[in-house]
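S.K.: Okay, predicted coordinates and the sequence, questions at the end:
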Amino acid sequence: MQTLSLEYTAGAPAAQRALAGVVGSGDLEVLLEPGVSGQTTVAIATSVDGVDEIWKAVIDRIFTEEGLAAYKVEINDFGATPAVVRLRIAQAMEQTTGDAAHD
Amino acid sequence: MNQPMDSASPYGADWIKALTDNAARWADTPASLYVADTTLAKQAGTFIAVVPDPDSRYPRARAGEVGLVEGWGLAHVLCDIVAADAQTSSKRAIVAVVDVPSQAYGRTEEAYGIHQALAAAAQGYIRARRAGHPVVTLIAGKAMSGGFLAHGYQANRIVSLSGTDVQVHAMGKHAAARITQRSVEGVEQLARQITPMAYDIDSYERLGLLHARLDVAPEAAGDSAAVARVRDALAEAAADIGGGVDLGSRIGRGERTATARVRERMAAEWPG
Amino acid sequence: MTDVADLLERQSIVELPARARCQALLDSAGQRELLGPFERLRSPWLPKQDIVTQADDGVVIMRGTLGGQAVVMAAVEPAFQGGSMGEVGGAKIAGALACALADAENGTPVVPILLLETGGVRLQEANCGLAAIAEIHDLIVALRAYVPVIGVVTGPVGCFGGMSIAAGLCSELIVTREARLGLNGPQVIEQEAGVDEFDSRDRPMIWSLLGGEQRVTTGLAEHRVADDIAALRRLLGERVKADVQTPARLAATERFENLLAAIDPAAKATGESTREQFAATGATS
């Protein structure tokens, strides 16, 4: 197991929290919560060692985008591919910005 | 691979004989169930052990494992005890003497629903306890996995002997190694660091699941002073139950701190 | 003939994760998850073994109604650690059942529904899992005096180990054709008893003995259901109102003893021979 922490500049705190995925083989769990204003933090725990560079590249591309809300992100990964990582984060972000009726 | 017969452990039979002072065994129970009536602190009591039966028709359950015959047999015995005492207010104590290497592993066992047999046995103990019988378990050797769930784990109080042959776990080391894709040494290494992974009774005690651990070895069943100490401890455990019928005394003790926290928070969130 | 359109319209239960199963099965209004993932009650034992945790420890507890009846659903996540029961997940189920029991004793029945997709004890938390499962067994039996306790096994994991005993204690058991129910997992039997006794790669044999169809035919489960959310929801809606305290399979001690005396344990049991023996001795009829 390996852990990684990343930080990004962001906007106002996200409106609500959201969850996507499970810690199953080839999958991951993403928990999004409102972050502190101006900053997104990403804490990753992954079962795969020695792939920090790939993680950093994938997460950078998502959270360096302009105009994103501030999130506190927790990722629990069980060997997901970058495509699955992007999908799960997108699913979770959609919930935090979409219909507020959820949760 | 196949459990050699000489590995069948004698402690269950040794201790139930010693504790019941060789009282007559119940007739009409399977040879692998040793059931005898005796007194515990002058109160009526029935002692129950699962013992090896080298002649069992069921080859996968000859070394003291809890199999189909033992599961349904325990259910039958416990149902008879509860029925016999149904009209009396002073329910007899039930003592489960435990030295079970495992549940029975076999094709016939799975085909005919060994899980259902073990469920019937567990239900027998649960109903006895909840009907007001004081139920005490003595771990006198191995208390393994499904065998322990069916015979012993449903007691109000669990008391154990001490020593290397006294063990509690969910799976034997070799199978655990294979299933978790580790070496046996790897499993032993983890067991030294992670309390619930350990096999030894001292670690089990640290989880807060024992009422008492006696400094008596399983080999001491022939020592009358040791037997007297065990008998006293069982009587004390039975008295300690008071009127309790649930398993609440196990919660909030030892290293199962997450259990206590989860139970508390569940109770707090439940009403909404 | 199978209706292709019907098949396409079905929403599979097997493919859904635990939380989505609860959300799809309960009435949509008034669902409330207890000790949800954001409370982060995760396993204290997995990180010490360098294993990634899941924020809900692989167990979802959700209160709500089903067809108007108050229920509490406990669902094991099949994808996380093989649906295994660790300390936290086990305590979540036991804790929910304990609360339901207290409510039932106070005249407020809440029907527990257990979605049992589980390999049993999580070996990395061995004795904590075993202890929690014993507590779950106790509470199922206690609850049955007041309310039905309904077990559901759908697949893909099946229900094994100490949790198969929990299934055996439920007042009613619902299974799909894809479900498997047995005490010992096929790999463990092969490991302990040898490949001649049990070949864990012989899937047709395993299904013929442990499969949902066989378990219903031999009375070790009560109801079969298609792998379809709507069908399971309909069936659960009926069964939460049923008045069953002790199912036949738990009340049949003497008939099972007769069955055990009649069979030849040395003969290799097959699906067919097992069905014949159950029918001949009426063990669970």
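M.R.: Perfect, I can see it now.
S.K.: C-alpha only now, for contacts and for neighbours.
M.R.: Fine.
S.K.: how about low-confidence regions in the chain?
M.R.: Went with chain A since none was named. Low-confidence segments of chain A (pLDDT under 70): A:98-103.
S.K.: switch to chain C, that's the one I care about
M.R.: Residues of chain C that meet the cut-off, pLDDT under 70, sit at C:1-3, C:285.
S.K.: Centroid-nearest residue for it?
M.R.: Closest residue to the average C-alpha location of chain C: residue C:116 at 3.0 Å, with C-alpha atoms, centre = their mean.
S.K.: show me what contacts that one?
M.R.: C:75-76, C:151-154, C:158-159, C:163, C:167 (C-alpha atoms under 8 Å, 6 or more residues apart in numbering or on different chains).
S.K.: Confirm for me that residue B:67 is in contact with residue B:106.
M.R.: No - between residue B:67 and residue B:106 there is no contact under C-alpha atoms under 8 Å: 9.2 Å.
S.K.: okay, and the common contacts of those two?
M.R.: Listed as contacting both residue B:67 and residue B:106 by C-alpha under 8 Å, 6+ apart are residue B:60.
S.K.: Of those two, which one has the most company?
M.R.: Comparing residue B:67 with residue B:106 by other C-alpha atoms under 10 Å in any protein chain shown, the one with more neighbours is residue B:67, at 30 against 25.
S.K.: From chain C, how far out is that one?
M.R.: Using C-alpha to the nearest C-alpha, to the nearest Å, one gets 11 Å for the distance from residue B:67 to chain C.
S.K.: Mind pulling up the pLDDT for that residue?
M.R.: On the pLDDT scale, residue B:67 is placed at 98.
S.K.: residues in contact with it?
M.R.: Contacts of residue B:67 by C-alpha under 8 Å, 6+ apart are B:60-61, B:103-104, B:109, B:114, B:117-118.
S.K.: how close does it sit to residue B:77?
M.R.: According to C-alpha to C-alpha, to the nearest Å, residue B:67 and residue B:77 sit 15 Å apart.
S.K.: Residue B:268 too?
M.R.: In this view, residue B:268 and residue B:77 are 40 Å apart by C-alpha to C-alpha.
S.K.: higher neighbour count, those two?
M.R.: residue B:77 (21 against 12).
S.K.: How about the more buried one, nearest residue that isn't a chain neighbour?
M.R.: Leaving aside its sequence neighbours, residue B:77 sits nearest to residue B:29 (C-alpha to C-alpha, 6 or more residues apart in numbering or on different chains; 7.8 Å).
S.K.: Run the contact check for the lengthiest helix in chain A versus chain C.
M.R.: If you go by DSSP state H, chain A has its longest helix at helix A:82-97. No - counting by C-alpha under 8 Å from any C-alpha of the partner chain, chain C has no neighbours in helix A:82-97; the shortest distance is 13.5 Å.
S.K.: Can I get that helix in PDB? Just the C-alpha atoms.
M.R.: The C-alpha trace of helix A:82-97 is given here as PDB (Å, rounded to 0.1, in the frame of the first residue of the first chain):
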ATOM      1  CA  PRO A  82      -6.300   6.000 -15.100                       C
ATOM      2  CA  ALA A  83      -9.600   5.800 -17.200                       C
ATOM      3  CA  VAL A  84     -11.500   4.300 -14.200                       C
ATOM      4  CA  VAL A  85     -10.000   6.900 -11.900                       C
ATOM      5  CA  ARG A  86     -11.100   9.800 -14.200                       C
ATOM      6  CA  LEU A  87     -14.600   8.200 -14.500                       C
ATOM      7  CA  ARG A  88     -15.200   7.800 -10.800                       C
ATOM      8  CA  ILE A  89     -14.000  11.300 -10.000                       C
ATOM      9  CA  ALA A  90     -16.200  12.700 -12.700                       C
ATOM     10  CA  GLN A  91     -19.200  10.700 -11.400                       C
ATOM     11  CA  ALA A  92     -18.600  12.100  -7.900                       C
ATOM     12  CA  MET A  93     -18.100  15.700  -9.100                       C
ATOM     13  CA  GLU A  94     -21.300  15.500 -11.100                       C
ATOM     14  CA  GLN A  95     -23.200  14.600  -7.900                       C
ATOM     15  CA  THR A  96     -21.700  17.600  -6.000                       C
ATOM     16  CA  THR A  97     -22.800  20.000  -8.600                       C
END
